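# structure for this input, please:
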Amino acid sequence: MSLRDRIPNQLKIGNEVIAITIEDDIAVYPTSDYILLEISHNAGKVNIPKVANTLRGLVKDEKQLVAIRGFGFKGIGLAVRVAHELKVRESKFEYQMTFDTFDATDPKTERPVTSVQIIIMPPE
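Modelled structure (predicted):
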């Protein structure tokens, strides 16, 4: 089974524009199938090592699928840094990741914001 086949339907990104509803720098939305972490395009200082360490435990120890969505320039950069930190810190465990870009809008400005979704999967 390919990595794309393992993505839950709720996380499959099509052509629709996603509304940015996050009010904080980072928001976590746990579901029964996955954990969704969203990083705002207006995020302030984010403790990347702490976030990466938490995600590492979810994926490696608890075998959870984790999706990171970064909105806009700052959110994309922070999401990629979290994914990079996960890869750098682990030598005995191989993370499987998919990357997708999508368009989002900030309801306050109605301006389109390029965004990224990184899905981190535990090995089968």
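# what secondary structure does the residue nearest to residue 122 when sequence neighbours are not counted sit in?
Here the nearest residue to residue 122 in space, its sequence neighbours aside, is residue 63; by CB to CB, 6 or more residues apart in numbering that works out to 4.5 Å. Quick note: C-beta positions are derived from backbone N, CA and C, even for glycine. Assigned with DSSP: H, G, I helix; E, B strand; the rest coil, residue 63 falls in the coil class.
# you'd agree residue 63 is up against residue 124?
No - using CB atoms under 8 Å as the test, residue 63 is too far from residue 124 to be in contact (9.7 Å).
# more crowded one of these two?
Ranked by neighbour count (other CB atoms under 10 Å), residue 63 and residue 124 place residue 63 first, with 11 against 7.
# my read: residue 42 touches residue 74, true?
Yes - if you go by CB under 8 Å, residue 42 and residue 74 touch, sitting 7.2 Å apart.
# which parts of this protein are strands?
Counting by DSSP state E, residue ranges of the strands within the chain are 18-19, 26-30, 35-39, 66-71, 96-106, 111-121.
# the inter-axis angle of the third one versus strand 26-30?
For strand 35-39 against strand 26-30, the angle between stretch directions is 170 degrees (axes from the mean of the first three to the mean of the last three CA atoms, to 10 degrees).
# change the start of the numbering to 6 and stick with it
Sure thing, new numbering starts at 6, so read that last one as strand 40-44.
# packing partners for strand 40-44?
strand 31-35, strand 71-76, helix 77-94 (3 or more CB pairs under 8 Å, 6 or more residues apart in numbering; DSSP states H and E).
# mind checking which of these is nearest residue 61?
helix 77-94 (5.9 Å; CB to CB).
# what about that closest one, average pLDDT?
Averaging the model's pLDDT scores along helix 77-94 yields 91.
# ok, residue 105 touching residue 120?
No - contact criterion CB under 8 Å: residue 105 and residue 120 do not qualify, at 9.3 Å.
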